[in-house]
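Student: this one's sequence-less:
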């Protein structure tokens with residue numbers, strides 16, 4: 001078995017992104033650090049590491065984290081320093097079995113079974129949500145799945161923000177041509193002419209900073225006659241699939 005290596009990863013860069021994206025950003029920083037030091041592209045992070053990053057909520061991940069890394073068969077496994085690695089040899093067989101589940105079979109699973117499949121990443125949250133809308137339409141499960149879909153979209157936003165930060169850290173490239181400066185000017189002009197939606201400020205703030213569940217509650221207070229404005233606002237800003245589905249389903 002390969003030797004375990006202990007590392008302490010600094011997570012100070014998470015303060016550069018919006019508070020609600022900080023825990024997801026911390027996970028990305030850990031994976032990038034492990035790839036850089038292990039030379040391996042595939043990184044598997046344990047649930048214990050994930051729970052430690054989210055322990056104080058999305059806005060308050062730790063400033064640094066001590067981890068141990070074990071590289072086996074082209075995969076870098078990451079665990080908390082002092083923790084025990086749990087390498088599941090039968091993981092591939094489990095994934096193959098779950099992949100064979102039809103929509104009908106998934107729809108017959110109870111709430112806890114669906115959550116377990118989604119949390120283990122053997123079934124996509126978005127797929128489970130679509131099946132639930134079309135099937136039993138269980139409120140508690142739908143709200144839970146909407147939150148999961150929202151978290152996945154936030155992770156994608158973090159990746160995009162990180163790419164933008166990397167561009168900003170390379171000023172030499174801007175000296176070669178004036179194209180980037182022109183693009184920034186155009187972006188500024190677009191922002192200054194941003195459309196207004198005639199919505200209460202507290203609702204706008206909830207849609208910009210809150211979760212899908214919080215956005216739903218805020219939308220219900222306005223009434224269905226305002227759902228079209230909310231949908232236009234969502235598409236122009238967060239563009240979360242779960243929220244758009246909720247708004248469209250209540251507009252009819």
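Tutor: Great, that's in hand. Small disclaimer: the values here were computed from a predicted structure and weren't measured.
Student: pLDDT weak spots in this protein?
Tutor: By pLDDT under 70, the weakly predicted segments of the chain are 1-2, 87-100, 151-196, 252.
Student: Let's see that with 90 instead.
Tutor: In the prediction, the chain carries residues with pLDDT under 90 at positions 1-4, 13-21, 58, 72-74, 82-252.
Student: Would you map the helices across it?
Tutor: Using DSSP state H, the helices of the chain run over 22-38, 47-54, 91-99, 103-107, 111-119, 125-134, 139-168, 172-176, 179-192, 201-209, 212-222, 227-236, 241-249.
Student: now the angle from the second one to helix 111-119?
Tutor: Between the axis of helix 47-54 and that of helix 111-119 there is an angle of 90 degrees, by axes from the mean of the first three to the mean of the last three C-alpha atoms, to 10 degrees.
Student: In terms of secondary structure, what does helix 47-54 contact?
Tutor: helix 22-38, strand 64-72, strand 75-80 (3 or more C-beta pairs under 8 Å, 6 or more residues apart in numbering; DSSP states H and E). C-beta coordinates here come from the backbone N, C-alpha and C atoms, glycine included.
Student: Ok, which of those comes nearest residue 221?
Tutor: Closest approach to residue 221 among those is made by helix 22-38 (28.4 Å; C-beta to C-beta).
Student: what does that closest one rub up against?
Tutor: Helix 22-38 is touched from outside by 5, 7, 9, 11, 13-17, 40-41, 43, 45, 49-50, 53-54, 57-62, 65, 67, 69, 71, 76, 78, 151, 154-155, 158-159, 161-162, with contacts defined as C-beta atoms under 8 Å, 6 or more residues apart in numbering.
Student: export the helices and strands packed on helix 47-54 to JSON lines and tack on distance to residue 240 and mean neighbour count?
Tutor: Formatted as JSON lines, these follow (distance: least, C-beta to C-beta, whole Å; neighbours: other C-beta atoms under 10 Å):
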{"stretch": "helix 22-38", "distance to residue 240": "14", "mean neighbour count": "20"}
{"stretch": "strand 64-72", "distance to residue 240": "28", "mean neighbour count": "18"}
{"stretch": "strand 75-80", "distance to residue 240": "28", "mean neighbour count": "20"}
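Student: okay if I get those as TSV plus distance to residue 111?
Tutor: Shown next, in TSV, are the helices and strands packed on helix 47-54 (distance: least, C-beta to C-beta, whole Å):
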stretch	distance to residue 111
helix 22-38	25
strand 64-72	32
strand 75-80	30
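Student: Residue 232 is nearest to which of these?
Tutor: Closest among the helices and strands packed on helix 47-54, using C-beta to C-beta: helix 22-38, at 26.6 Å.
Student: quick one: the closest one to strand 64-72, angle?
Tutor: 50 degrees.
Student: Specify the angle between helix 22-38 and strand 75-80 in degrees.
Tutor: 130 degrees.
Student: next one: helix 22-38 to chain centre, how far?
Tutor: Remark: helix 22-38 is offset 14 Å from the chain centroid, using C-alpha atoms, centre = their mean, to the nearest Å.
Student: so which of the helices and strands packed on helix 47-54 gets nearest residue 139?
Tutor: Of all the helices and strands packed on helix 47-54, it is helix 22-38 that lies closest to residue 139, at 26.3 Å by C-beta to C-beta.
Student: Could you report the separation of the nearest residue to residue 48 once chain neighbours are set aside from residue 63?
Tutor: Of all residues not flanking residue 48 in the chain, residue 80 sits nearest, at 5.0 Å (C-beta to C-beta, 6 or more residues apart in numbering). Residue 80 sits 16 Å away from residue 63, going by C-beta to C-beta, to the nearest Å.
Student: doesn't residue 146 make contact with residue 243?
Tutor: Yes: counting by C-beta atoms under 8 Å, residue 146 is a contact partner of residue 243 at 7.5 Å.
Student: what residues does stretch 203-212 touch?
Tutor: By C-beta under 8 Å, 6+ apart, the residues outside stretch 203-212 that reach it are 18, 20, 146-147, 149-150, 197, 214-215, 218-219, 221-222, 230, 233-234, 237-238, 240, 242-243, 246.
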